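for reference, the sequence and a predicted model appear below.
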Amino acid sequence: MFTYAVASDPAVAGFAMVSDRFLAVLAADADDAVALRLWSTLGEASTGAGDAGTTISSVLSALAADGIAAVPDFALVELVDAPTRAVALAVRGGAQILLAGGDVRTGDPATAWTESTAQEVTGLTLQLGPSRALLGSLPLGRGVVRADRLDWGPGGDRAPAPADATPAAAPAAATRRGSARRAPTEPQAPAEPPVTAQPPAGTVRRERLAEVIDDRTELSRAHRRAARPVLRMGSDRVLELDLPVVFGRSPRPAAHPGARLVSLPSPRREISGAHLEVRLDGDALVARDLDSTNGTIVRKPDGSMQLLRHGASARLTRGASLDLGDGNIAIFDVADGARG
């Protein structure tokens, strides 16, 4: 069974969550809206829908919905495969995951969070920083409680659980790959909503043809003013898309021949050296992750979000935005007039 450590003052404790396939602890500085969004993503929406379709990538996308810098400390475990007791792990900041046998997974200050895997896991503990004063432990089946620590089985620093204790869903542990990155699963972009075609800016509408039908000069000018796709960054920076564009802290020309290189400031190093490539494909923008460390948050015009990473691509329509990290946001838009 799962148990949580009862804090002497629950008002200052974090959030501990258990669903069918996920365990999580979230720092106390997360507001209730963030905790509710995380819990809904884990499969406990008011509709009662389960979390069978939820992956650790979609959970991380929900946590990063307000930008990577706003993500609170957390520890997250996905119970991947019961027969092999395989789990996928993600940790940020001062949170920790302690595996039975003494293996400890922690966050890395140089990255948004660290991911790893383990197998044959017989017990674990998720905790937020140093332990507060505790009043003991209580069982937790499925739900959310205010707590800084969540335990299952004989965790990293605890005695074994009673013999009759049975896990609700055996935590599946994930194999640690070198520096702790999970084998990528290509995220599937949600179906794009239907787009109502709008005439390009400057196009002469049918009802005005009578006014200009003999003015070939005016029609020619309208044609030259046809809108062109661009990326907008901030209030005054416009990037042309006549060439592929590569974003990063310091993208190298030799690695991206024929592309327009855009260096971005990243004081917290949320952006990788070569982070993201975008290019036009007809009227759509294709964004491709360049195996960046933290990925890019894609916000689509319909409000849906996707964390683009592990080399995945997404096809975007006008109005989509790309949050690359450290406050660098690019918006897919159009600009009027000929190129200057």
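Here it is on my side, so go on.

would you map the helices across the chain?
Here the chain has its helices, by DSSP state H, at 32-41, 56-63, 209-212, 216-224.

surely Asp283 touches Ala227?
No: between Asp283 and Ala227 there is no contact under C-beta atoms under 8 Å: 10.5 Å. For the C-beta atoms, the positions are set from N, CA and C on the backbone; glycine is no exception.

okay, now the unreliable bits of the stretch 1-150 of the chain?
1, 43-53, 130-135 (pLDDT under 70).

alpha carbons of stretch 72-80, as CSV, please.
Provided in CSV are the C-alpha atoms of stretch 72-80 (Å, rounded to 0.1, in the frame of the first residue of the first chain):
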residue,chain,number,x,y,z
PRO,A,72,7.7,24.1,-8.7
ASP,A,73,10.0,21.4,-7.3
PHE,A,74,8.5,17.9,-7.8
ALA,A,75,9.1,14.2,-7.8
LEU,A,76,7.2,12.1,-10.3
VAL,A,77,7.0,8.3,-10.8
GLU,A,78,5.2,6.5,-13.6
LEU,A,79,4.4,2.8,-13.0
VAL,A,80,5.3,1.5,-16.4
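
ok, Asp283 and Ala227, which is more surrounded?
When Asp283 and Ala227 are compared for neighbours, Ala227 comes out ahead with 17 against 11, by other C-beta atoms under 10 Å.

pLDDT value on that one, please?
Ala227 carries a pLDDT score of 75 in this model.

repeat for Arg260
At Arg260, the model reports a pLDDT of 91.

what's near enough to touch it?
Under the criterion of C-beta atoms under 8 Å, 6 or more residues apart in numbering, the neighbours of Arg260 are 239-240, 243-246.

once you drop chain neighbours, what's closest to the residue most central in space within the chain?
The centre of the chain sits closest to Ser61, judged by C-alpha atoms, centre = their mean, with a distance of 2.7 Å. Distances taken as C-beta to C-beta, 6 or more residues apart in numbering place Leu307 nearest to Ser61, at 3.9 Å, with adjacent residues excluded.

tell me how far Ala110 lies from Pro251.
Counting by C-beta to C-beta, to the nearest Å, the gap between Ala110 and Pro251 amounts to 19 Å.

okay, the two: which has more neighbours?
Ranked by neighbour count (other C-beta under 10 Å), Ala110 and Pro251 place Pro251 first, with 23 against 10.

list the contacts of the more buried one.
259, 261-263, 273-275.

coming back round to it: the residue nearest to the centre of the chain touches Arg309, doesn't it?
No: between Ser61 and Arg309 there is no contact under C-beta under 8 Å: 9.7 Å.

do you know how far Leu280 is from Leu324?
18 Å.

rewinding a little: gap between the residue nearest to the centre of the chain and Met233?
22 Å.

can you check Gly102 too?
Computed as C-beta to C-beta, the Gly102 to Met233 distance reads 47 Å.

so for these two, which sits in the more crowded spot?
A direct count of neighbours by other C-beta under 10 Å for Gly102 and Met233 places Met233 higher, at 18 against 8.

give me the low-pLDDT residue ranges for the stretch 201-340 of the chain?
In the stretch 201-340 of the chain (pLDDT under 70), the answer is 201-226, 336-340.

what pLDDT does Gln188 get?
Predicted confidence (pLDDT) for Gln188: 53.

the strands in the stretch 1-150 of the chain, which residues?
All strands of the stretch 1-150 of the chain, identified by DSSP state E, counting those that start in this stretch, fall at 2-7, 15-18, 22-26, 74-81, 86-92, 95-99, 104-106, 114-118, 124-128, 134-140, 143-146, 149-152.

now render those strands as CSV, adding mean neighbour count and distance to Gly319.
Output for the strands of the stretch 1-150 of the chain, formatted as CSV (neighbours: other C-beta atoms under 10 Å; distance: least, C-beta to C-beta, whole Å):
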stretch, mean neighbour count, distance to Gly319
strand 2-7, 21, 42
strand 15-18, 25, 33
strand 22-26, 27, 31
strand 74-81, 25, 30
strand 86-92, 26, 30
strand 95-99, 24, 35
strand 104-106, 18, 38
strand 114-118, 23, 30
strand 124-128, 27, 37
strand 134-140, 13, 42
strand 143-146, 17, 34
strand 149-152, 27, 40
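
can you put those in TSV and add distance to Ile297?
TSV is the format used below for the strands of the stretch 1-150 of the chain (distance: least, C-beta to C-beta, whole Å):
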stretch	distance to Ile297
strand 2-7	30
strand 15-18	22
strand 22-26	18
strand 74-81	16
strand 86-92	15
strand 95-99	21
strand 104-106	24
strand 114-118	16
strand 124-128	24
strand 134-140	31
strand 143-146	24
strand 149-152	27
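
which of those sits closest to Ser313?
When those are compared by C-beta to C-beta, strand 114-118 sits nearest Ser313, at 20.1 Å.

export that closest one as PDB, just CAs?
Taking Å, rounded to 0.1, in the frame of the first residue of the first chain, the C-alpha atoms of strand 114-118 are listed here in PDB:
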ATOM      1  CA  THR A 114      16.100  15.100 -14.700                       C
ATOM      2  CA  GLU A 115      14.500  11.900 -16.000                       C
ATOM      3  CA  SER A 116      15.700   8.300 -15.500                       C
ATOM      4  CA  THR A 117      14.300   4.800 -15.300                       C
ATOM      5  CA  ALA A 118      14.700   1.800 -13.000                       C
END
